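Participant: I'll drop the sequence and a predicted model, then ask my questions.
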Amino acid sequence: MVIEAKKPWGRLATFGLGFIALMVGQFAALMALTIWLGQDLTKMPDFSGDGVAVTLIILVSTPIQLLLLAAFARMAGSDPFAYLGLTLPRRSEVVFGVAATVALIIAGNALSWLIGNNIVTPFQTDIFRTAGEAGPLALLCLWLAVIVVTPIGEEALFRGFLFRGWLKTPNDAWVVIAISAALWALIHLQYDWYVTGQIFAFGMMLGWIRWATGSTLLTILLHAMINLEGMLETLVASQWPS
């Protein structure tokens, strides 16, 4: 039986606990990376475009972050699945969400083409290339991390935990959607302002769908679609650079 939250965390506590979950996961991933590379933190090389390092960070940080978010939800007197919005959407909501996501992807790619921006960023090509150089298993793990693990972790935090704690009344909806989208965009430090703006637009759509359907499972699916499309574009760009 699903246990509904007696009372969600307050807004400030929600931000603080979400930040703790994010930072603890990232710190654990950095520790794992130092062991993997045999380097201490003060001598770490630049791994921002290293596909193996990025994969390791995602695969280590996300489970820890999810466990902390679930623990915080339980401390609020709720079933973690209910608190984070991990409920099944209706079929009609899935169809609408997929259509909206496809439309926004096409619009974003069209805008990039019109203004002369590359659809695939250097970060994408770098992590794809370096993971491929490390072998088929490393490349497969990168696909898994980007398409499956990342959407679960990011949606559970931004459209799950933060959204649940910040949305107190229906009048809060658009403010919460915009703030969570902005924070989600800002953690993508690897991209320039233009791509960050695109991420914000996707965040607004995902936030609205989360609010309209109550389902973070649906936003995870749509987020996975977005990342899959990006990986497929990167694959094409790596095969035909011109």
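Facilitator: Arrived safely, thanks for sending.

Participant: tell me the phi and psi of L86?
Facilitator: Backbone torsions for L86, taken as degrees, to the nearest 10, come to phi -80, psi 70.

Participant: What helices and strands are in contact with the lengthiest helix in the chain?
Facilitator: Ranked by number of residues, the top helix in the chain under DSSP state H is helix 11-37. Helix 11-37 makes packing contacts with helix 51-75, helix 163-166 when contacts are defined by 3 or more CB pairs under 8 Å, 6 or more residues apart in numbering; DSSP states H and E. Every C-beta, even on glycine, is put in place using the N, C-alpha and C of the backbone.

Participant: Just give me the neighbour total for the residue nearest to A13 when sequence neighbours are not counted.
Facilitator: Nearest non-adjacent residue to A13, counting by CB to CB, 6 or more residues apart in numbering: G165, 7.1 Å away. Close neighbours of G165, defined as other CB atoms under 10 Å, add up to 24.

Participant: cool, and L68?
Facilitator: 20.

Participant: element containing the spatially most central residue of the chain?
Facilitator: By CA atoms, centre = their mean, the mean C-alpha position of the chain lies nearest to E154, the distance being 3.3 Å. Per DSSP states H and E: E154 is located in helix 150-155.

Participant: Likewise for A82?
Facilitator: Using DSSP H and E, A82 falls in helix 80-83.

Participant: How about N118?
Facilitator: Here N118 is assigned to no helix or strand, by DSSP H and E.

Participant: F81: which of the helices and strands packed on helix 11-37 is closest?
Facilitator: helix 51-75 (8.5 Å; CB to CB).

Participant: Which strands and helices lie in contact with the closest one?
Facilitator: helix 11-37, helix 80-83, helix 122-134, helix 136-144, helix 150-155.

Participant: Point out where the chain drops to low pLDDT.
Facilitator: Applying pLDDT under 70 to the chain picks out residues 1-6, 39-47, 241-242.

Participant: Could you pull out the buried residues of the helix or strand that the helix holding A82 is followed by?
Facilitator: Using DSSP H and E, the helix or strand that follows helix 80-83 towards the C-terminus is helix 91-115. By neighbour count with 16 or more other CB atoms under 10 Å, helix 91-115 contains the buried residues 93-94, 96-97, 101, 104-105, 108, 112.

Participant: Equivalent analysis for stretch 224-241, please.
Facilitator: 224-227, 229-231, 233-235, 237.

Participant: Stretch 185-194 now?
Facilitator: For stretch 185-194, using 16+ other CB under 10 Å, the buried residues are 185, 190-191.

Participant: and if you look at stretch 116-126?
Facilitator: For stretch 116-126, burial by neighbour count (16+ other CB under 10 Å) applies to 119-121, 123-126.

Participant: Same list, those residues, but as CSV with distance to G135 please.
Facilitator: Listed next are the buried residues of stretch 116-126 as CSV, based on distance: CB to CB, whole Å:
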residue, distance to G135
I119, 27
V120, 22
T121, 23
F123, 21
Q124, 19
T125, 18
D126, 17
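
Participant: Quick one: residues contacting V149.
Facilitator: V149 makes contact with 58-59, 62, according to CB atoms under 8 Å, 6 or more residues apart in numbering.
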